[in-house]
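Q: Could you work out the structure for the sequence below:
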Amino acid sequence: MFVRDVAPQIGTQAARRKRRRRTSARVTALAIVAMMPAMGGSGGAFAYDAGAAEEEPVLLELERLELRFEELRRLERRLEQRSEDRARLGEVPQLDRKPEIERELRPKLVPRRRSALYPSLFETHDIVAYYGNPRSDRMGILGEQPLEQTTELLKRRAAEYAELSRETGREVLPGFHLVYATVFPDGELGRLSEALLTKWIEYALERDVLVILDHQIGRHSVERAITEMLPYLRYPNVHLAIDPEWATEVPGQEVGGVHAEEVNAAQRMIQEHLIENDLPGRRVFVVHQFHRRMIEEAHKVRSDFERVDVVHNMDGFGPPRIKLNTWNYLLRFDNLPLKGFKLFYPKSWRAGGYDDPLMTPAEVLQLEPRPVFIQYQ
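A: Modelled structure (predicted):
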């Protein structure tokens with residue numbers, strides 16, 4: 001008989017907000033990235049060498065850069081007021097040193113034990129997902145063309161990874177990574193309608209495509225975010241995600257964050273919902289990170305829930321060198337062995353805010369350990 005875990009006391013919502021403000025980092029204003037005209041932005045800030053220095057030097061460096069670019073931020077605020085498209089600030093300062101990760105300390109590909117009742121799809125499959133908001137052509141590739149064409153492009157990309165994985169015996173599943181709740185500058189949220197979500201989910205279900213619903217949290221709690229998405233787990237192809245970058249009352253001005261306890265509580269909520277509603281299988285739960293403060297005390301995040309596969313997804317755009325610095329930082333957390341890797345397609349309508357150059361599928365699969373979740377925005 002399954003014995004449910006007892007949920008820890010995480011504290012009041014006000015306490016969570018205070019903790020997020022304390023653990024968030026001010027974003028240095030170096031570039032203006034166009035946003036969805038009627039909704040908040042998406043994606044990650046510039047990839048950050050989060051583990052390159054100890055806490056105090058990092059804070060001193062951020063403070064120094066804040067002073068240096070104060071005048072630039074004032075100029076950008078004036079430009080934002082004139083722009084038809086809302087803008088957000090995209091780049092986090094880089095540090096020179098990158099962490100050295102010992103090979104023997106790196107997590108294995110699939111360390112979870114096999115389960116006859118609730119097998120993990122990552123035992124035999126990887127996921128290649130397209131990210132975005134169907135209502136916007138500025139938040140990712142999902143909204144840049146009609147649904148049918150999007151599906152064709154996604155399956156073509158997934159087939160590239162499948163061909164490269166043929167010798168390993170691993171297969172590839174395509175996925176739609178839908179931004180279900182998009183944050184506004186005031187920390188409030190705009191959500192996809194149930195009708196639109198149902199259309200995408202059922203369309204995907206008929207074509208063997210996974211759907212990952214992503215919540216940007218804003219000024220609200222992780223508990224509320226998960227509660228809003230749980231009903232869609234009635235579809236066997238639906239999985240969930242949260243983006244801690246936007247878990248703040250002032251998105252676009254600071255990088256938000258959540259605590260490990262909140263991530264654990266979210267996994268517990270997913271697991272209990274599956275049990276209470278007699279829903280099948282194990283579900284994927286993606287948590288994005290490109291800055292150390294996006295997950296406070298990340299070493300305390302659990303990955304042993306029987307019904308949940310938590311994926312530690314490396315977010316953030318930039319050249320390969322910078323992305324690999326961030327990747328190496330995430331590898332420090334071997335309590336989160338299932339790793340994801342996010343890539344940003346170049347955009348003709350903006351000067352930056354994407355990967356240049358874009359890593360090839362072969363380069364992504366050469367990463368150690370091999371990511372099991374690959375995402376394109």
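
Q: So which residues of the stretch 251-377 of the chain form helices?
A: Taking DSSP state H, counting those that start in this stretch to define them, one finds helices in the stretch 251-377 of the chain at 260-276, 320-330, 361-365.

Q: what's the answer for the stretch 101-250 of the chain, then?
A: Counting by DSSP H, counting those that start in this stretch, the helices of the stretch 101-250 of the chain are 147-164, 194-206, 222-229.

Q: in this structure, which segments are predicted with low confidence?
A: 1-116 (pLDDT under 70).

Q: quick one, longest strand in it?
A: Determined from DSSP state E, the single longest strand within the chain is strand 171-183.

Q: now the angle from that strand to helix 222-229?
A: Put simply, strand 171-183 runs at 110 degrees to helix 222-229, going by axes from the mean of the first three to the mean of the last three Cα atoms, to 10 degrees.

Q: Give the pairing partners of strand 171-183; include direction for each.
A: Partners of strand 171-183 in the sheet, by DSSP bridges, are strand 125-132 (parallel), strand 189-191 (antiparallel), strand 210-215 (parallel).

Q: Could you export those as a markdown table, including mean neighbour count?
A: C-beta: built from backbone N, CA, C; applies to glycine. Below are these laid out as a markdown table (neighbours: other Cβ atoms under 10 Å):
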| stretch | mean neighbour count |
| --- | --- |
| strand 125-132 | 24 |
| strand 189-191 | 18 |
| strand 210-215 | 24 |
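
Q: right, and those - which one's nearest Q375?
A: strand 125-132 (4.8 Å; Cβ to Cβ).

Q: What about L279, how many residues nearby?
A: As a burial measure, L279 scores 17 neighbours (other Cβ atoms under 10 Å).

Q: related to what we said a few turns ago, kindly reformat the helices of the stretch 251-377 of the chain as TSV containing distance to T151 and mean neighbour count.
A: Formatted as TSV, these follow (distance: least, Cβ to Cβ, whole Å; neighbours: other Cβ atoms under 10 Å):
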stretch	distance to T151	mean neighbour count
helix 260-276	26	21
helix 320-330	27	21
helix 361-365	18	15
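
Q: mind putting these in JSON lines, distance to R224 included?
A: Formatted as JSON lines, these follow (distance: least, Cβ to Cβ, whole Å):
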{"stretch": "helix 260-276", "distance to R224": "11"}
{"stretch": "helix 320-330", "distance to R224": "26"}
{"stretch": "helix 361-365", "distance to R224": "34"}
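
Q: So which of the ones you listed is nearest V183?
A: Proximity to V183, assessed across the helices of the stretch 251-377 of the chain by Cβ to Cβ, is greatest for helix 260-276 (16.7 Å).

Q: by contact count, what packs against the closest one?
A: In terms of contacts (3 or more Cβ pairs under 8 Å, 6 or more residues apart in numbering; DSSP states H and E), helix 260-276 is packed against helix 222-229, strand 238-242, strand 283-289, strand 295-296, strand 308-314.

Q: Run through who's touching that helix.
A: 2, 4-5, 7-8, 10, 16, 221-223, 225-227, 230, 233, 240, 242, 279-281, 283, 285, 287, 295-302, 305-308, 310 (Cβ atoms under 8 Å, 6 or more residues apart in numbering).

Q: give me the number of residues near D208?
A: Here the number of neighbours of D208 (other Cβ under 10 Å) works out to 10.

Q: do you know how far it is from P371?
A: Distance check for D208 against P371: by Cβ to Cβ, to the nearest Å, it reads 21 Å.

Q: try N335
A: Distance from N335 to P371, by Cβ to Cβ: 17 Å.

Q: With neighbour numbers in mind, choose between those two.
A: P371 (23 against 16).

Q: F341 bridge partners, please.
A: For F341, the beta-bridge partners are M314, I374 (DSSP bridges).

Q: Now that it has come up, it's in contact with W327, right?
A: Yes - F341 lies in contact with W327 (Cβ atoms under 8 Å); the separation is 6.9 Å.

Q: Find residues that contact each of those two.
A: In contact with both F341 and W327: M314, L367, using Cβ under 8 Å, 6+ apart.
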